[in-house]
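**Q** Quick one, fold the following:
(2 chains)
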Amino acid sequence: MLKPAVITRNLHKWLGLFIGLQVLIWLTSGLYMVVVDIDFIHGDTLVKNMRQTIRPPEAQGQSIASLKARYPGATRIGLRPVMDKTFYAVATNDKRYLIDPETGIVESPLDKKTAMLIAQYHFNGSAPVTNASLITSNPPMEIQTRRLPLWRVDFDDRFSSSFYVDPYDGSLVTRRHQYWRIFDFMWMLHIMDYDDRQDAHNPLLITAQISGLLFTFSGLWLLIYSFSGPRKGKSEAGR
Amino acid sequence: MRLLKKLHKWLGLLIGIQVLAWLLSGLVISLLDPAKVSGRYWAAETTSEPQMPPVTELLEPEELPPAYLENATALDLTMRHGKPVYRIVYSDGETLVNAADGTVAATGEADALQLAKEDFTGDGTVYSVKSGMAPDLETRGHHGAYWRVNFSDRANTSIYVSAATGEVLERRNTFWRVRDFFWMLHIMDYSGRQNFNNALVIGVASVAVWLGISGFLLLFASFTRRDFFFLKLHGKTGHAIVTLYDPASEATRQIRLRKGSNLFLSLATRDVELPSRCGGGGECGKCKVKFEVTDLPEPNNAELGLVPGPLRDQGYRLACQQDVFNDVVVHVPAGTL
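**A** Okay, the predicted model is just below:
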């Protein structure tokens, strides 16, 4: 019979070979995620003018009642701030419109120039826009849950920031940057969902976790043997 | 290497329990079905927003009491329970206002009960409705007053309905509560359970990474070719004969080993138990054996630390630190054979 200490030591060693690298990945990715401030990751420091308020339009021009008559299928009619102006926004079951309060002209979908202006209006910095493109299908991983289409406006700043603007209501839907992308990659490594980066309920992760748990437990158990150390003056007979 | 081992050992003692807590809480969180944790497993399917009927009586936004629009970030005319309402959004909450008369359309207890029943499709009936004014652990992240509607299902579901807008804020149940407890252990925020940028977790994780790195490096030292003999990748490896000799009883035993085998482990697997506390880790110094002075191997760091000089000179080494490459005679402690 092998001694428990021998079994534990070898168990820890072999489990280490099998799962040690993943445990190190868990520790490293976890460290990144706890060290980097989540508000920064969310891009809170990259934006400004985010608390724009709406101003009810002057009585002349359009009104909620007139838009209701104009869009009988409307499910929502409201007011939205876009840069320094308040627009009417109308939604039916399958369409959305952004409407100028004075002229009644449908401004949506917003063009590239306007999308860039909106992005710059919210960008808390002076870096220029390098690229703006309309994403209508196959969205990048970083906006996979968002409703399309979206304007993507890239800035030439040190965070490689990308702002996403909704062409149908002029809102800044989200913003992404290099540290967000690293965070997302770390999250992928952490939950071992290499496709969608969302599902922490996957068999690969659970298998790795059970191995990791045995590995950690054997390591803790081994501490008992390791710390019983050399004791001088005691008989080495027995055992 | 000895230093690395020492580091690994002490870091393990320092934070090993938390690493175990991370693995355990991570496992529990992964095992729980996310649809049940979020409650959407039992939630009624959302219907598309109803179209608005032509209404004659309708206040325009500028006709509403001006205080409602102060600091509003968005406004929508929409339908709630068959009535047109303005949903007004602020940076810290929302309000519903009747579009016909401009009065606040708050959700009362009876409405909240009805809305919760419509949302929850699981078994069980409502056994209590409670009101809350400020967010607690289960409603953190929300603003304003709410109704808590408790169901008698097996998962102890509580549906939270906003008193301001009548929206279902959260669906909480045993799955979520278990998950939340382990999430707390995982991110080490024992009060708010949501701040994973806290100093404690940053500190412990920083130390844990060194535990991981030292362990990873030790892997390279712990494994040698002999560990992979079973894969038979190396073609034929030769054998060596170890002759064990117990001077007290003058008993001898010969053991045939693959060249490169670890002496301690090979003997252990053949029922020759040398004394050991650490199990072959080069830490307790108990598995001393004596080599013939003629084929005396160089002592390594572990042996320099654990075997006194005079004993080393006599030929004592630690069996767990010795790999056998040639035929050798090894003196073992009395009574071993």
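
**Q** Please make it C-alpha for all contacts and neighbour counts, starting now.
**A** Fine.

**Q** same for the helix or strand bottoming out on mean pLDDT in chain A, what does it pack against?
**A** Every helix and strand in chain A was compared by mean pLDDT, DSSP states H and E; the lowest is helix A:64-70, with a mean of 90. For helix A:64-70, the elements it packs on are strand A:76-82, judged by 3 or more CA pairs under 8 Å, 6 or more residues apart in numbering or on different chains; DSSP states H and E.

**Q** name the helices or strands packed onto the strand it packs on?
**A** With contacts taken as 3+ CA pairs under 8 Å, 6+ apart, strand A:76-82 sits against helix A:64-70, strand A:85-91, strand B:74-80.

**Q** so where does residue 17 fall, helix or strand?
**A** Chain wasn't specified; assuming chain A. Taking DSSP states H and E as the criterion, the element that holds residue A:17 is helix A:4-35.

**Q** meant chain B actually
**A** Short version, using DSSP H and E: residue B:17 is in helix B:2-31.

**Q** And chain A, split by domain according to the record?
**A** Residue ranges of the domains in chain A are recorded as A:4-38+A:183-226, A:44-176, according to automatic domain parsing.

**Q** Endpoints of the last one, how far apart?
**A** Separation of the first and last residues of domain A:44-176 by CA to CA, to the nearest Å is 10 Å.

**Q** can you check stretch B:238-255 too?
**A** End-to-end for stretch B:238-255, by CA to CA: 14 Å.

**Q** What mean pLDDT does that stretch get?
**A** Within the predicted structure, the mean pLDDT of stretch B:238-255 is 90.

**Q** Go through it and flag the buried ones.
**A** Residues of stretch B:238-255 classed as buried under the neighbour-count rule (16 or more other CA atoms under 10 Å in any protein chain shown) are B:239-246.

**Q** any chance of these in a markdown table, plus secondary structure and distance to residue B:87?
**A** Putting those into a markdown table (DSSP: H, G, I helix; E, B strand; the rest coil; distance: CA to CA, whole Å) gives the following:
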| residue | secondary structure | distance to residue B:87 |
| --- | --- | --- |
| B:239 | strand | 84 |
| B:240 | strand | 86 |
| B:241 | strand | 87 |
| B:242 | strand | 87 |
| B:243 | strand | 90 |
| B:244 | strand | 88 |
| B:245 | strand | 91 |
| B:246 | strand | 91 |
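
**Q** Closest to chain A out of the residues you listed?
**A** For chain A, the nearest member of those is residue B:246. The distance, counting by CA to the nearest CA, is 13.7 Å.

**Q** thinking again about what came up before, angle of the helix holding residue B:17 against helix A:4-35?
**A** Taking axes from the mean of the first three to the mean of the last three CA atoms, to 10 degrees, one finds that helix B:2-31 is oriented at 70 degrees with respect to helix A:4-35.

**Q** ok now do the residue lying closest to residue A:36 once chain neighbours are set aside, which residues does it touch?
**A** Across the structure, with CA to CA, 6 or more residues apart in numbering or on different chains as the measure, the residue nearest residue A:36 apart from its sequence neighbours is residue B:197 (7.3 Å). If a contact means CA atoms under 8 Å, 6 or more residues apart in numbering or on different chains, then residue B:197 has A:33-38 as its contacts.

**Q** repeat that for 10 Å
**A** Residues touching residue B:197, when contacts are defined by CA atoms under 10 Å, 6 or more residues apart in numbering or on different chains, comprise A:31, A:33-39, B:187-189.

**Q** Could you do residue B:308 as well?
**A** Counting by CA under 10 Å, 6+ apart, residue B:308 touches B:316-317.

**Q** How confident is the prediction for it, by pLDDT?
**A** Confidence for residue B:308, expressed as pLDDT, is 93.

**Q** can you check the one 4 residues further on too?
**A** pLDDT recorded at residue B:312 is 92.

**Q** residue boundaries of the helices in the stretch 201-337 of chain B?
**A** In chain order, the stretch 201-337 of chain B shows helices spanning B:263-268, B:301-306, B:309-314, with DSSP state H, counting those that start in this stretch as the criterion.

**Q** What residues of the last one count as buried?
**A** If you call a residue buried by 16+ other CA under 10 Å, then helix B:309-314 has these buried ones: residue B:312.

**Q** sorry, back to before: show me what counts as buried in the helix holding residue B:17.
**A** Neighbour-count burial for helix B:2-31 flags B:5, B:7-9, B:11-12, B:15-16, B:18-31 (criterion: 16+ other CA under 10 Å).

**Q** Stretch A:216-230 too?
**A** By neighbour count, with 16+ other CA under 10 Å as the criterion, the buried positions of stretch A:216-230 are A:216-223, A:225-226, A:229-230.

**Q** Mind checking the pLDDT average for it?
**A** Mean pLDDT, computed over stretch A:216-230, is 86.

**Q** re the thing from before, looking at the helices and strands packed on strand A:76-82, spot the one closest to residue B:169.
**A** strand B:74-80 (16.1 Å; CA to CA).

**Q** Report the angle between the closest one and strand A:85-91.
**A** Between the axes of strand B:74-80 and strand A:85-91, defined by the same axes, to 10 degrees, the angle is 20 degrees.

**Q** mind listing the strands for chain B?
**A** Taking DSSP state E to define them, one finds strands in chain B at B:74-80, B:83-90, B:93-98, B:126-132, B:146-151, B:158-162, B:168-172, B:239-246, B:251-258, B:261-262, B:288-291, B:316-318, B:323-324, B:328-331.

**Q** now for the ones you listed, which one comes closest to chain A?
**A** Each of the strands of chain B was scored for nearness to chain A using CA to the nearest CA, and the closest is strand B:74-80 (3.9 Å).

**Q** Can you spell out which helices and strands pack onto that closest one?
**A** Applying 3 or more CA pairs under 10 Å, 6 or more residues apart in numbering or on different chains; DSSP states H and E, we find strand B:74-80 packed against helix A:64-70, strand A:76-82, strand A:85-91, strand B:83-90, strand B:93-98.

**Q** Let's have those in a markdown table, adding distance to residue A:180.
**A** Converted to a markdown table, these look like this (distance: least, CA to CA, whole Å):
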| stretch | distance to residue A:180 |
| --- | --- |
| helix A:64-70 | 40 |
| strand A:76-82 | 26 |
| strand A:85-91 | 31 |
| strand B:83-90 | 27 |
| strand B:93-98 | 27 |
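
**Q** Which of those sits closest to residue A:197?
**A** Across these, closest to residue A:197 is strand B:93-98 (CA to CA), at 30.7 Å.

**Q** Right, I'll leave it there.
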